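Visitor: just coords:
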């Protein structure tokens with residue numbers, strides 16, 4: 001059985017970040033979020049990222065359709081990622097830049113059948129490739145960051 005945490009499901013909530021992941025092959029995680037994942041023992045670091053797409057990605061909203069291998073990690077300041085931004089209060093924020101290999105489609109999408117707020121989910125590659133519902137990714141994981149919305 002593969003180790004939990006080898007895959008990190010992350011949020012994709014805007015088209016600009018999606019274009020960066022697909023075309024420039026990287027994703028950013030705030031260092032503060034990485035520290036929280038470490039505290040919950042959900043940071044290995046990951047070998048794969050999977051992307052939970054929010055409502056802006058209709059008709060693929062509320063599901064995971066794609067994943068990519070992690071080929072490197074580095075800590076950077078926001079100004080290194082977005083040198084064209086001029087907001088000095090944002091420029092010094094620290095991120096973990098996750099360098100990615102080629103984006104791959106899942107054999108079948110993993111849907112969220114109920115409206116949920118998904119933050120990050122540490123899971124296994126086996127669960128990612130065989131789950132049909134997002135709830136299955138976090139089964140037996142008491143530290144999961146999956147919450148039902150009511």
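Guide: Yep, it's here. Note that the structure is predicted; figures quoted are calculated from it, not measured.
Visitor: So which residues of the protein form strands?
Guide: Along the chain, the stretches classed as strands by DSSP state E are 7-12, 26-30, 48-53, 63-77, 94-100, 104-111, 116-118, 121-123, 146-148.
Visitor: Flag every buried residue along the longest one.
Guide: Think strand 63-77. Buried residues in strand 63-77, counted by 16 or more other C-beta atoms under 10 Å: 63, 64, 65, 66, 67, 68, 70. Glycine gets a C-beta too; all of them are placed from N, C-alpha and C.
Visitor: what stretches of the protein score poorly on pLDDT?
Guide: Regions of the chain meeting the criterion pLDDT under 70 cover residues 1-4, 42, 114-118, 138-150.
Visitor: Please list all residues in contact with residue 21.
Guide: 12, 27, 51, 68, 100, 103 (C-beta atoms under 8 Å, 6 or more residues apart in numbering).
Visitor: biggest helix in this protein, by residue count?
Guide: Taking DSSP state H as the criterion, the chain has its longest helix at helix 31-39.
Visitor: tell me how far that one is from the chain's mean position?
Guide: Its chain's C-alpha centre and that of helix 31-39 lie 13 Å apart, by C-alpha atoms, centre = their mean, to the nearest Å.
Visitor: Can you list the helices and strands that it packs against?
Guide: strand 94-100 (3 or more C-beta pairs under 8 Å, 6 or more residues apart in numbering; DSSP states H and E).
Visitor: okay, the angle between the strand it packs on and strand 26-30?
Guide: Counting by axes from the mean of the first three to the mean of the last three C-alpha atoms, to 10 degrees, strand 94-100 lies at 150 degrees to strand 26-30.
Visitor: List the strands paired with strand 94-100, with their directions.
Guide: strand 26-30 (antiparallel), strand 63-77 (antiparallel) (DSSP bridges).
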